[in-house]
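In: could you work out the structure for the sequence below:
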Amino acid sequence: PVRVGGTIDTDPVTVPGITTGAAYADLDQIGSLFEIPNVTRPGVFTGTLNSARYYDLDDEGLQVNLWLFNAPVTLAADNAAFVLSDADLLKVVHVIPFVTFYDANTGQFSPVGGIGVAFRTTVRTSLFAAIQARGALNIAAANLPRFSLGVLSD
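Out: Okay, the predicted model is just below:
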């Protein structure tokens with residue numbers, strides 16, 4: 001990550017567990033739970049989520065929701081309906097919908113700014129994430145989606 005004062009810009013994280021070529025339907029889970037490390041400074045477990053970026057390397061241009069959690073959760077299998085238990089729902093920090101895309105010919109970029117959501121981590125200095133489809137995606141093996149966060153660390 002890049003750190004400037006209390007601002008942290010995480011490295012793009014690739015979503016694991018995606019069944020490439022699978023036809024995802026609206027509200028399906030894409031891939032498996034993944035960790036976004038170093039969202040706070042070492043020894044600090046609180047921060048404010050400021051921005052998020054979706055690198056759509058497969059050039060889909062379709063909305064996805066990035067679910068962020070302060071601890072690991074149990075998810076269904078890739079390409080199944082996105083489901084959380086009540087206990088895991090209490091671990092949700094925020095849900096970020098990526099709806100606006102900027103076309104770069106072979107891929108697309110979707111930034112979300114001005115989020116302003118305070119959070120606390122419970123495991124190390126990481127947040128955990130899951131992706132929910134909001135359209136019919138079909139992702140190629142060489143073009144897995146990536147996400148990064150901008151955080152103001154306390």
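
In: which helices and strands sit right next to the strand ranked longest in the chain?
Out: As assigned by DSSP state E, the longest strand anywhere in the chain is strand 46-56. Here strand 46-56 touches strand 64-69, strand 92-98, strand 108-112, strand 117-120, strand 146-153, going by 3 or more C-beta pairs under 8 Å, 6 or more residues apart in numbering; DSSP states H and E. Glycine gets a C-beta too; all of them are placed from N, C-alpha and C.

In: ok, so what distance separates Gln132 from Asn105?
Out: 27 Å (C-beta to C-beta, to the nearest Å).

In: my bad, Asp154
Out: Taking C-beta to C-beta, one finds Asp154 at 40 Å from Asn105.

In: and the two? which has more neighbours close in?
Out: Shown here are Asp154 and Asn105; by other C-beta atoms under 10 Å, Asp154 has more neighbours (13 against 6).

In: please name the nearest non-neighbouring residue to the residue nearest to the spatial centre of the chain.
Out: Residue closest to the mean C-alpha point of the chain, counted by C-alpha atoms, centre = their mean, is Leu66 at 4.1 Å. Distance criterion C-beta to C-beta, 6 or more residues apart in numbering; nearest residue to Leu66, sequence neighbours excluded, is Ile96 at 4.4 Å.

In: that neighbour and Val112 touch, don't they?
Out: Yes - with contacts counted by C-beta atoms under 8 Å, Ile96 reaches Val112, the gap being 5.4 Å.

In: common neighbours of those two, please.
Out: Ala52 (C-beta atoms under 8 Å, 6 or more residues apart in numbering).

In: more neighbours: the two, which one.
Out: Ile96 (23 against 19).

In: just the pLDDT at that one, thanks.
Out: For Ile96, the pLDDT comes out at 98.

In: show me the contacts for it.
Out: Going by C-beta under 8 Å, 6+ apart, Ile96 touches 52, 65-66, 68, 112, 115.
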